[in-house]
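[1] Coordinates for the following, if possible.
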Amino acid sequence: MEKSINQLEIPFKCFENCKYHIFPQKEARKRVWQCNYGWIGELDYYQWSVQGYWGNSGVFKKAKKIGMDFGFLLHTSSKQPVTIDDAERILSKNSELEKGTFISWASRFNRIFKDDKGQEILPSELWPFYYLEVPDGMGVSRPAYKMHPDRTSFVIVGVDPDSPYDPGQVDWSLLLEKPKKV
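    Residues are numbered from 1 along each chain as shown. The predicted model follows:
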């Protein structure tokens, strides 16, 4: 006889405002619905609620792999801002990036905030991260992106890898149900 699983207690690997945490599903669900930008990786579901705008989108379909990977890096990196050098090291496997390529990766992610005709459904000033230039260790200005510090983000990556639960045991649809008290 298989032991029943308390779905709400399954631990999830999460990033809240770019900081790593483990939360039970019940708490992760609450937090993903409370923030300005919420991302449920396993469901390819991204939602926003910022300054009166609310919406959601799939990430992979619009951003493709590199845009999705870049957005994930920004949403989960405790090192803010993320520079072109960081992206080279993490996403490009030490291949030198051109500034235009770096910017295009951010642009790919931001497609999720546009409709199929390319019209913004979330104004660009409300997107989760912004471009800036920061000095490197030698004082040379480097392209970078940074999450807006006055807005919140929450990413549910998946089941905590140290837990005994298998992702196949999770009722992922529970995460899409807005808790009654948010």
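[2] Could you use CA atoms for every contact and neighbour count after this?
    Noted.
[3] which ones are touching Phe23?
    By Cα atoms under 8 Å, 6 or more residues apart in numbering, the contact set of Phe23 is 11-14.
[4] does it sit in a helix, a strand or a coil?
    strand (DSSP: H, G, I helix; E, B strand; the rest coil).
[5] Any buried residues in the lowest-mean-pLDDT helix or strand in the chain, and which?
    Least confident helix or strand, the chain: helix 84-90 with a mean of 92, by mean pLDDT, DSSP states H and E. Neighbour counts over helix 84-90 (16 or more other Cα atoms under 10 Å) mark 84-88 as buried.
[6] Stretch 27-44 now?
    28-41, 43.
[7] And for that stretch, what's in contact with it?
    12, 14, 45-50, 58-60, 128, 151-158, 172, 174-176, 178-179, 182.
[8] Which among those residues count as buried?
    12, 14, 45-50, 58-60, 128, 152-158, 172, 175.
[9] could I get the contacts of Phe23 as CSV with distance to Gly137 and secondary structure?
    Supplementary listing: those in CSV, determined by distance: Cα to Cα, whole Å; DSSP: H, G, I helix; E, B strand; the rest coil:
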residue, distance to Gly137, secondary structure
Pro11, 39, strand
Phe12, 36, strand
Lys13, 33, strand
Cys14, 31, strand
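[10] before we move on, back to that, which of the buried residues of helix 84-90 lies closest to Arg142?
    Arg142 lies nearest to Ile84 out of the buried residues of helix 84-90, by Cα to Cα, at 6.8 Å.
[11] I figured that closest one hits Gly100, correct?
    No. Ile84 lies out of contact with Gly100 (Cα atoms under 8 Å); the separation is 10.3 Å.
[12] got the residue ranges for the helices in this protein?
    25-34, 60-76, 84-90, 99-109 (DSSP state H).
[13] Pull out the buried residues from the second one.
    Meaning helix 60-76. In helix 60-76, counting by 16+ other Cα under 10 Å, buried: 60, 62-63, 66-76.
[14] what's the most distant pair in the residues you listed?
    Lys62 and Thr76 (19.8 Å).
[15] buried stuff in stretch 130-149?
    For stretch 130-149, by 16+ other Cα under 10 Å, it's 134, 143-148.
[16] Residues contacting that stretch, please?
    Residues contacting stretch 130-149 (Cα under 8 Å, 6+ apart): 74-75, 80-85, 99, 128-129.
[17] ok now it, how far from the chain's centre?
    Distance, stretch centre to chain centre, for stretch 130-149: 20 Å (Cα atoms, centre = their mean, to the nearest Å).
[18] what mean pLDDT does that stretch have?
    Averaging pLDDT along stretch 130-149 yields 94.
[19] ends of that stretch, how far apart?
    10 Å (Cα to Cα, to the nearest Å).
[20] ok, now stretch 137-151?
    End-to-end for stretch 137-151, by Cα to Cα: 28 Å.
[21] got it, and stretch 93-104?
    End to end - Cα to Cα - stretch 93-104 spans 17 Å.
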